[in-house]
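[1] This is a predicted model, with the sequence first.
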Protein chains: 2
Amino acid sequence: MFIEINSNSDVPIYLQLAHQLMEGMVRGELKAGDSLPSVRAFASDLGMNMHTVNKAYHYLEEKELIQIVAKSGVIIQPNVVSKATEEKKQKLVAQLRPYVTEGLVLNLSEEELVLMVRKLVQNIEEGNE
Amino acid sequence: MFIEINSNSDVPIYLQLAHQLMEGMVRGELKAGDSLPSVRAFASDLGMNMHTVNKAYHYLEEKELIQIVAKSGVIIQPNVVSKATEEKKQKLVAQLRPYVTEGLVLNLSEEELVLMVRKLVQNIEEGNE
DNA sequence: GTAATTGCTCTACTATATGTATAACAAATG
DNA sequence: CATTTGTTATACATATAGTAGAGCAATTAC
């Protein structure tokens, strides 16, 4: 599981970390039951602050993708991959909307947008760039 | 052109405004050559601050969707809908990536994601919700 | 049982983003 | 000439992002 952080990106560090962990889950590199490094160890490895890793963990916990066990130090993901609630799907749609709009205003066709998504799915599942 | 701002949303007001103007462009309600209200008038209409409207306008100008003519007061959109540069498409793909990842980790299939996009395109073009 | 590790919390500081607010300037418009 | 225009400047409040250090209580390892 390689993590690559771009400090020049406008995407916050903790989100970059969380996103890449999510991609690891999709790829099966992080399976249900696996544990993640401690916030201190991970922060040290990645050259970032403990609190930043902590924030990424809590972000993933809020999405019910991992489970943080109180003072036990172990972090496991029980229901990954989980079921998509209708509520979660609606939220996702709302978040996608401005980007689809931007595609349309850039004169991309529906088919071009669909192809974009298909390629993205491939890249994420194969772990490309 | 109805603008509806949700002050409870976590999406900044100026982005909500910009997004809805973009949807208006997609729908053809805002055509090339049309002018937009002045920042003061628009802000007054929408019950928000002048600077917030100004920020939305500059956001759209940066995307080359509108043209702000110096101190002339007129705002026109010359090349809407414009051509999608390869650079712009790559940027869009990068922005879409975390959301597609979230869909996958929610156990949505590629086809479900594609259907999501198709429905979004329809809703945006028809001006639904 | 002791020591190390764990997640968690608290405080603190810096920087940036967001939104509101007022004022003023220079150019275009009526 | 007066109004309207986008622009700029300053100011203030709040929130987010990131770093930093210290400490607590429970679990884990030896």
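    Here it is on my side, so go on. As the structure is a computational prediction, the values presented were derived from the model and not from experiment.
[2] any idea which element the most centrally placed residue in chain A lies in?
    Nearest to the geometric centre of chain A sits residue A:19, at 2.4 Å (Cα atoms, centre = their mean). Element membership of residue A:19 [criterion: DSSP states H and E] is helix A:13-27.
[3] So which elements touch that helix?
    Under the contact criterion of 3 or more Cβ pairs under 8 Å, 6 or more residues apart in numbering or on different chains; DSSP states H and E, helix A:13-27 touches helix A:50-62, helix A:110-126, helix B:86-105. All C-beta spots, glycine's among them, are computed from the backbone N, C-alpha and C.
[4] Adding distance to residue B:129, mean pLDDT and mean neighbour count, write those out as TSV.
    Formatted as TSV, the helices and strands packed on helix A:13-27 follow (distance: least, Cβ to Cβ, whole Å; pLDDT from 0 to 100; neighbours: other Cβ atoms under 10 Å in any protein chain shown):
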stretch	distance to residue B:129	mean pLDDT	mean neighbour count
helix A:50-62	26	92	18
helix A:110-126	19	97	16
helix B:86-105	19	94	18
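[5] Those helices: which one's closest to residue B:128?
    Nearest to residue B:128 among these is helix A:110-126 (15.3 Å), distances taken as Cβ to Cβ.
[6] which residues are in contact with the closest one?
    Helix A:110-126 has contacts (Cβ atoms under 8 Å, 6 or more residues apart in numbering or on different chains) with A:23, A:26-27, A:100, A:103-104, A:108, A:128-129, B:89, B:92-93, B:96-97, B:100-101, B:104, B:110, B:113-114, B:117-118, B:121.
[7] so where does residue A:29 fall, helix or strand?
    If you go by DSSP H and E, residue A:29 is not part of any helix or strand.
[8] where's it relative to residue A:126, distance?
    Per Cβ to Cβ, to the nearest Å, residue A:29 is found 12 Å from residue A:126.
[9] If I look at the most far-flung residue of chain A relative to its centre, what pLDDT would I see?
    The C-alpha centroid of chain A is most remote from residue A:107, which lies 28.8 Å away (Cα atoms, centre = their mean). What the model reports as pLDDT for residue A:107 is 89.
[10] helix/strand/coil for it?
    coil (DSSP: H, G, I helix; E, B strand; the rest coil).
[11] State the number of residues packed around residue A:18.
    24 (other Cβ atoms under 10 Å in any protein chain shown).
[12] The helix or strand where residue A:43 lies close to DNA strand D?
    Residue A:43 belongs to helix A:39-46 when assigned by DSSP H and E. No. Against DNA strand D, helix A:39-46 shows no contacts by Cβ under 7 Å from any atom of the strand, the least distance being 7.7 Å.
[13] domain parsing for chain A?
    Following automatic domain parsing, chain A resolves into domains at A:13-76, A:86-126.
[14] thinking again about what came up before, thinking the residue farthest from the centre of chain A is in contact with residue B:84, fair?
    Yes. Residue A:107 is in contact with residue B:84 according to Cβ atoms under 8 Å; the separation is 5.9 Å.
[15] Pull up the gap between the residue nearest to residue A:27 when sequence neighbours are not counted and residue A:2, please.
    With sequence-adjacent residues excluded and distances taken as Cβ to Cβ, 6 or more residues apart in numbering or on different chains, residue A:27 is closest to residue A:127, at 5.5 Å. Separation of residue A:127 from residue A:2 (Cβ to Cβ) stands at 9 Å.
[16] Same question for residue A:15.
    Residue A:15 is 17 Å from residue A:2, by Cβ to Cβ.
[17] next one: residue A:25
    14 Å.
[18] The two: who's more crowded?
    When residue A:25 and residue A:2 are compared for neighbours, residue A:25 comes out ahead with 22 against 7, by other Cβ under 10 Å.
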